[in-house]
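[1] Fold the following for me, if possible:
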Amino acid sequence: MGPILFTCVLALLIWGLVFGNELQRRRPQWHWYLVGYPVTALRMVFTWRRVAYLNGLTVSHKPNRRLLGDLEVRGEPLRTRTPRLSFPRATPYGLEARVRLHAGQTPAPYLASSDAFAHAWRVHTVRVVSPERGVVLIKATVHDPLEHTDRSAAPGSAALLSATVGTLESGLSWGLDFRRVPHWLIVGATQSGKSTLLARLVTELAPQPVALVGIDCKGGMELGLLEMRLSALATCRSEAVSVLAALVTEMQDRMRTCRFAGARSIWELPEKARPVPVVVIVDELAELYLTNGRKEQRAEAEECTTYLLRLAQLGAALGVHLVVAGQRVGSDLGPGVTALRAQLSGRICHRVNDSGTAEMALGDANKDAVVVAQSIGETERGVAVIVGDTGGWMRGRSHLTTPAEARAAAAEFARMTPRLPCLAHMFRGGVGA
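    Numbers count the residues shown, from 1 in each chain. Model (predicted):
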């Protein structure tokens, strides 16, 4: 019986390995739920006590200090209690478990231990959040869900002023909704995916009754491809000043219209009286701020700063939205950059060449997001850290949109380009309002 039993066990093991590899190749989700999840969940449960102890997450029954006469002695507690870990629940890309904190504990030590968790449980990454007082939620991602994301998804229909631009690491669609988050800051180094994201955004907004205004002070090399769908395109700083000044005037006209109608925003106006929404896309912010010291250039840069701040502060209720992009964004560009950053509540950070840009984009929103953004590699094109209206952060990857596809979409929907009266005297193009 011994040799026969050994042979049967060996055959089962070989069959399991072969079948498991084939299942993982053809049906990775099935393999995760049938094989990967049970193994990882048991690893978490059986190692939790030791992992918690080694990372200082346990508490002692008694204080770890005593008085011996006039001498205070402090030592390591011998008997400790481990916080209770719920049995991990499977998710499409990993698993999550809740931990009930002991009295006096805070989530901070758990946040600091996320890397230790990932190594102990052999997973790709671990995120720790606190959904309620006294509880932390440990979310483990086994494999990077953005590594093999299909980036060639076709444009999809969306609500007004919203665009589906990619996929989040949770498996959900990554969308930008300007009605919820009116202004966005996008940073990223060369070939990080920033330009592709802008092209995708314009492709998604092109079929909608929305005026798109481009400011590309690199001579229009990027946004010039989409000029057929733009109501206006400024290709230098002097043109940018004129466009931004006209938009500020348009915004003031909308303010008077709302005041006379007793409305607090254009969305409270009757649909026939509602002005067309405007999305202003600024590609390479630094070109608006950098000067050679000449007085005329400094004056233009200051005007751009003032106009952008006005649009960011007042534009949300008046249907004027900003998308500001740049390779580098820092306070060294000028005093107005930090003030503008504060008004751009939506943040998207691709791979950057300096830590200051990542800090500028995400530092005031979430410190952990800065570290994650700096870990994006050169091969992860399109991958970015997003901070929106949820208060947290999420990794995502934009859908691949080639220049040819973006140009074709601009040509297809060129007939829908609204004509903005405030820009009619400077730029030709667009259809009747």
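[2] Contact partners for His321?
    The neighbours of His321, taking Cβ atoms under 8 Å, 6 or more residues apart in numbering as the test, are Leu161, Phe178, Pro182, His183, Pro277, Val278, Val279, Val280, Gly315. Backbone N, C-alpha and C define where each C-beta goes, glycine included.
[3] Quick one: mean pLDDT over the helix or strand harbouring it.
    For His321, the host element (DSSP states H and E) is strand 320-326. Averaging pLDDT along strand 320-326 yields 94.
[4] circling back: can you tell me which of the contacts of His321 comes closest to Met228?
    Distance to Met228 across those (Cβ to Cβ) is lowest for Val279, with 16.0 Å.
[5] Ramachandran angles for that closest one?
    Dihedral angles phi and psi of Val279 (degrees, to the nearest 10) take the values phi -120, psi 120.
[6] In this structure, what helix or strand scores lowest on average pLDDT?
    helix 2-26 (a mean of 58; mean pLDDT, DSSP states H and E).
[7] if we can go back for a sec, show me how far the strand holding His321 is from its chain's centre.
    15 Å (Cα atoms, centre = their mean, to the nearest Å).
[8] Stretch 248-263 too?
    32 Å.
[9] mind listing what's buried in it?
    Val248, Glu250, Met251, Arg254, Thr257, Cys258, Ala263 (16 or more other Cβ atoms under 10 Å).
[10] returning to that earlier point: turn the contacts of His321 into CSV, columns for pLDDT.
    What follows is those, written out as CSV (pLDDT from 0 to 100):
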residue, pLDDT
Leu161, 91
Phe178, 94
Pro182, 94
His183, 95
Pro277, 95
Val278, 96
Val279, 96
Val280, 96
Gly315, 92
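[11] Can you read off the pLDDT for the most centrally placed residue in the chain?
    What sits nearest the mean C-alpha location of the chain, by Cα atoms, centre = their mean, is Ile386, with 1.0 Å. Looking at Ile386, its pLDDT is 93.
[12] That one touches Leu176, doesn't it?
    No. If you go by Cβ atoms under 8 Å, Ile386 and Leu176 don't touch, sitting 9.0 Å apart.
[13] Now the common contact residues for the two.
    Common neighbours of Ile386 and Leu176, counting by Cβ under 8 Å, 6+ apart, are Gly346.
[14] Report the residue spans of the stretch 151-300 of the chain with pLDDT below the cut-off.
    Applying pLDDT under 70 to the stretch 151-300 of the chain flags residues 151-158.
[15] from memory Leu197 sits against Ile186, does it?
    Yes. Contact status for Leu197 versus Ile186: in contact at 6.4 Å, counting by Cβ under 8 Å.
[16] Which residues are in contact with each of the two?
    With Cβ under 8 Å, 6+ apart as the test, Leu197 and Ile186 both reach Ile348, His350.
[17] Show me what counts as buried in stretch 173-188.
    174-178, 181-188.
[18] Take these and keep only those in strands.
    Trp174, Gly175, Leu176, Asp177, His183, Trp184, Leu185, Ile186, Val187 (DSSP state E).
[19] Relative to Met360, which of the buried residues of stretch 248-263 is nearest.
    Out of these, the member with the shortest distance to Met360 (by Cβ to Cβ) is Val248, at 24.9 Å.
[20] next one: phi and psi at that closest one?
    According to degrees, to the nearest 10, Val248 has phi -60, psi -40.
[21] Outline the domain layout of the chain.
    The chain breaks down into these domains under automatic domain parsing: 13-141, 162-423.
[22] now the shortest one, how far from the centre of its chain.
    Taking the mean C-alpha point of domain 13-141 and that of its whole chain, the gap between them comes to 26 Å (Cα atoms, centre = their mean).
[23] Would you map the strands across the stretch 151-300 of the chain?
    162-168, 173-177, 183-187, 211-216, 232-234, 278-283 (DSSP state E, counting those that start in this stretch).
[24] To Gly334, which of those strands lies closest?
    strand 278-283 (14.2 Å).
[25] Give me the contact list for that closest one.
    Contacts of strand 278-283 (Cβ under 8 Å, 6+ apart): 161, 178, 195, 198, 201-202, 205, 210-218, 222-223, 231, 244, 247, 250, 288, 308, 311, 319-325, 420.
[26] Now which of those would you call buried?
    161, 178, 195, 198, 201-202, 205, 210-217, 222-223, 231, 244, 247, 250, 288, 308, 311, 319-325, 420.
[27] out of the domains of the chain, deepest packed?
    With neighbours taken as mean count of other Cβ atoms under 10 Å, the domains of the chain reach their highest mean count in domain 162-423, at a mean of 19.
[28] Return the member of the ones in strands among the buried residues of stretch 173-188 nearest to Cys236.
    Among these, and counting by Cβ to Cβ, the member closest to Cys236 is Ile186, at 21.3 Å.
[29] isn't that closest one right next to Val352, touching?
    No. Using Cβ under 8 Å, Ile186 makes no contact with Val352, being 11.2 Å away.
[30] Common neighbours of those two, please.
    Joint contacts of Ile186 and Val352 (Cβ under 8 Å, 6+ apart) do not exist.
[31] still on that earlier bit, in helices, which of the buried residues of stretch 248-263 appear?
    Val248, Glu250, Met251, Arg254, Thr257, Cys258 (DSSP state H).
[32] How much space separates the last one from Gly315?
    Yep, that's Cys258 we're talking about. Using Cβ to Cβ, to the nearest Å, Cys258 is found at 13 Å from Gly315.
[33] thinking again about what came up before, wait, a strand at the residue nearest to the centre of the chain?
    Yes. Counting by DSSP: H, G, I helix; E, B strand; the rest coil, Ile386 is found in a strand.
[34] Start the count at 148 instead of 1 going forward.
    I'll keep to 148 as the first residue from here, and by that count the last item is Ile533.
[35] For it, which residues are in contact?
    Leu315, Trp321, Gly493, Arg494, Ile495, Trp540, Met541, Arg542, Gly543.
[36] and if we set it to 6 Å?
    Ile495, Met541, Gly543 (Cβ atoms under 6 Å, 6 or more residues apart in numbering).
[37] Would you mind measuring from Tyr436 to Thr485?
    Tyr436 is 12 Å from Thr485, by Cβ to Cβ.
[38] follow-up on the earlier one: Glu294: which of the domains of the chain is closest?
    domain 309-570 (8.3 Å).
[39] measure the closest one end to end?
    24 Å (Cα to Cα, to the nearest Å).
[40] Likewise for stretch 376-383?
    19 Å.
[41] starting at the chain centroid, how far to it?
    From the chain centre to the centre of stretch 376-383 is a distance of 26 Å (Cα atoms, centre = their mean).
[42] Please apply the same query to stretch 473-490.
    18 Å.
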